[in-house]
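S.K.: Got a predicted model here, sequence first, then my questions.
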Amino acid sequence: RNNALSLTKNGEKLLEGPQDIRFIQIFNYLTYRFHWGNFYHLQDEGKCGQFGWAYSLVLLSKYGAKPQKSEFYSLKLIRAFEEELWDAHQKGKEGEVIHEYHHAYEVRFFEYFADWFGLVNIERNRDYIISYFDQLSITKSELFDQLFSA
């Protein structure tokens, strides 16, 4: 209203409740109800990153202690869930489709989901000779290990 954000009565009640309950509610909303296509436009119905988010957390748990490029994780997701893209990658016919998939996954899962919740540490490496976009190096955060156990 009047170019200002306001908090509803339900929002005020939510703020009065325990933080752990609020965290779980927001986490569930973002993983199950919010359309991740809003984070980055790609002709995939928001599937990239949102589909397989739990698998991505398992990958972070397994490989996140050492810095890994974001493409490392997106390739693992492609191998598990995207047979056609994986076949194209294996044949060296990656092209723009896989590059777009990598970038959408990086933005949706790492930048707008995992980083927002404090689950990852992101180091940005700028090398515009290789790519217009920053190369992200991902490690799991201390909070990640506190929230998720193997």
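M.R.: Now that the structure is in, tell me what you want to look at.

S.K.: roughly how far apart are the residue positioned nearest the centre of the chain and Tyr73?
M.R.: Residue closest to the mean C-alpha point of the chain, counted by C-alpha atoms, centre = their mean, is Phe109 at 0.8 Å. For Phe109, the distance to Tyr73 (C-beta to C-beta, to the nearest Å) stands at 8 Å. No exception for glycine: its C-beta is placed from N, CA and C like everyone else's.

S.K.: Mind listing the shared neighbours of these two?
M.R.: Common contact partners of Phe109 and Tyr73 (C-beta atoms under 8 Å, 6 or more residues apart in numbering): Ser56.

S.K.: can you give me the helices for the chain?
M.R.: 9-16, 19-28, 47-50, 53-63, 70-81, 83-90, 95-105, 142-147 (DSSP state H).

S.K.: If I average pLDDT within each of those helices, which one is lowest?
M.R.: Ranked on mean pLDDT, the bottom entry among those is helix 47-50, at a mean of 63.

S.K.: that older thread, wouldn't the residue nearest to the centre of the chain be in contact with Tyr55 here?
M.R.: No - the criterion here is C-beta atoms under 8 Å, and Phe109 misses it with Tyr55 at 10.4 Å.
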